[in-house]
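Undergrad: Just to be clear, the model below is a prediction. Sequence and coordinates:
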Amino acid sequence: MASASIATGCSRGESDGAAQKPASGTEAAGRKPKKPSEIVVGFSQTGAESSWRIAHSKSIQEEAEKRQIQLLFADGQNVHNNQVNAVNGFITKGVDVIVIAPQESMGWKPTLKEAKRAGIPVVLTSRGVDADEDLYATVMVADFVWEGRRAGEWLAKQTNGSARIIELVGTPAADVAAMRKDGFAEAIAKHPDMKIIASQSGDFTRTKGKAVMETLLAAHKGEINAVYAHNDDMALGAIQAIQAAGLKPGQDILVVSVDAVKPAFEAMIEGKLNATVECNPMHGPLLFDTIEKIVRGETVPKRTIVPGQIFEREQAAAAISARPY
Ligand code: AHR
């Protein structure tokens with residue numbers, strides 16, 4: 001079994017040497033390079049707030065298992081301090097590489113400095129952090145501004161540039177939420193008759209997306225004809241609220257979101273979701289290729305953008321069987 005929870009101990013490999021330089025146990029550090037089965041990776045995951053996140057964890061855990069790399073998995077349960085504590089624990093254990101999927105972008109500098117001081121390279125996945133680039137080895141994310149812009153352009157086309165929109169925002173302290181907001185705002189700014197009537201966080205969850213949508217629908221009765229949700233889970237919650245209010249999602253109120261998870265394709269096939277912009281969570285293979293390179297002392301790009309595309313409901317039936325998540 002290559003994967004373990006954070007409670008499971010691991011023995012420290014060598015950890016001397018500066019971070020972002022060859023990791024412990026490399027040729028460049030004057031030692032025999034580690035085999036994948038000798039590599040220990042500490043992974044601090046945000047939580048399990050969405051279908052996207054569950055697919056992201058699964059992709060990373062399965063890839064570790066496949067390569068027989070020992071993965072210490074810490075579920076942050078969507079609390080920033082849990083993640084900081086987990087990463088500090090990985091530093092104390094002396095893992096070879098630390099992977100962070102940060103819930104919040106701020107508040108990471110002291111921890112990253114500590115990892116660097118301990119000579120442990122840090123790889124960021126799914127979201128970025130507000131910290132100097134020399135404090136981490138690499139970041140792999142999607143182009144979140146593009147995702148928001150693409151959703152906005154799609155909605156502008158569908159409504160001929162006239163819409164009264166509810167925006168369901170992701171976790172406000174996450175860079176992804178700010179960037180998806182900015183990209184969408186940029187796209188609709190070209191259309192004076194596209195207005196955001198209300199913008200509120202649903203924290204990337206279906207439950208909160210539904211609750212926020214219920215409140216906003218009641219507050220803006222008859223005013224709304226579109227929803228832009230920063231992820232599919234919130235869109236699916238909003239769809240439930242729209243139906244409960246006696247309206248038809250996908251018709252009376254157009255719904256566009258981000259992620260392109262399978263449940264979104266099911267909703268598109270049912271005609272309730274109009275479009276979703278893909279944000280691919282299958283980071284496992286690229287992540288571990290990168291980790292192995294870092295451990296071998298090879299150079300890796302500072303930033304990798306995982307590409308995506310938009311899916312409209314007319315494409316859903318043909319595309320659903322090939323969806324990997
Ligand atoms: O960071 C990626 C975002 O986090 C996904 O779009 C969202 O579903 C998740 O919770």
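TA: That came through fine. Numbers count the residues shown, from 1 in each chain.
Undergrad: Surely Glu167 is in a helix?
TA: No: under DSSP: H, G, I helix; E, B strand; the rest coil, Glu167 sits outside any helix and is assigned strand.
Undergrad: Pull up the gap between the nearest residue to it once chain neighbours are set aside and Lys181, please.
TA: Once flanking residues are discounted, Glu167 sits nearest to Ser199: 4.0 Å by CB to CB, 6 or more residues apart in numbering. Any C-beta I mention is one placed from the backbone N, CA and C, and that applies to glycine too. Distance from Ser199 to Lys181, counting by CB to CB, to the nearest Å: 7 Å.
Undergrad: overlap in contacts of the two?
TA: Common neighbours of Ser199 and Lys181, counting by CB atoms under 8 Å, 6 or more residues apart in numbering, are Glu167, Val169.
Undergrad: so how far is His80 from the residue nearest to Glu167?
TA: 23 Å.
Undergrad: So the two - more neighbours on which side?
TA: Between Ser199 and His80, counting by other CB atoms under 10 Å, His80 is the more crowded of the two (18 against 15).
Undergrad: got the phi/psi numbers for the more buried one?
TA: His80 adopts backbone torsions of phi -50, psi -50, taken as degrees, to the nearest 10.
Undergrad: contacting residues for it?
TA: Here His80 is in contact with Pro102, Gln103, Glu104, Gly107, Ala173 (CB under 8 Å, 6+ apart).
Undergrad: next one: Gly128
TA: With contacts defined as CB under 8 Å, 6+ apart, the neighbours of Gly128 are Pro102, Ser105, Val139, Val141, Asp175.
Undergrad: Which strands and helices lie in contact with the helix or strand hosting Glu114?
TA: Using DSSP states H and E, the element containing Glu114 is helix 109-117. For helix 109-117, the contact count by 3 or more CB pairs under 8 Å, 6 or more residues apart in numbering; DSSP states H and E identifies helix 80-93, strand 122-125 as packing neighbours.
Undergrad: Which parts of the stretch 51-200 of the chain are strands?
TA: 70-75, 97-100, 122-125, 138-141, 162-169, 193-201 (DSSP state E, counting those that start in this stretch).
Undergrad: hmm, the first one touching the ligand?
TA: To tie it back to what came earlier, the one meant is strand 70-75. No: residues of strand 70-75 contacting the ligand under CB under 6 Å from any ligand atom: none, with a closest distance of 13.3 Å.
Undergrad: Could you tell me the angle between that strand and helix 80-93?
TA: 160 degrees (axes from the mean of the first three to the mean of the last three CA atoms, to 10 degrees).
Undergrad: Strand 70-75: how far from the chain's middle?
TA: When C-alpha coordinates are averaged (CA atoms, centre = their mean, to the nearest Å), strand 70-75 and its chain have centres 17 Å apart.
Undergrad: Could you pull up the residues touching Ile54?
TA: Ala48.
Undergrad: can you pull the pLDDT of it?
TA: The score at Ile54 is 98. That number is its pLDDT.
Undergrad: cool, Asp259 as well?
TA: Listed pLDDT for Asp259 reads 98.
Undergrad: Give me the nearest residue to it, chain neighbours excluded.
TA: Nearest in space to Asp259, with sequence neighbours left out and distances taken as CB to CB, 6+ apart, is Asp232 at 4.2 Å.
Undergrad: ok now do the one you found, which residues does it touch?
TA: Shown in contact with Asp232 (CB under 8 Å, 6+ apart): Ser50, Ser51, Trp52, Ser257, Val258, Asp259, Ala260, Val261, Pro263, Ala264, Leu273, Thr276.
Undergrad: Then the last one would be within a strand, right?
TA: Yes: the assignment for Thr276 (three-state DSSP) places it in a strand.
Undergrad: Show me what it is bridged to.
TA: Ser257, Phe311 (DSSP bridges).
Undergrad: Please verify my assumption that it contacts Lys262.
TA: No: judged on CB atoms under 8 Å, Thr276 makes no contact with Lys262 at a distance of 10.7 Å.
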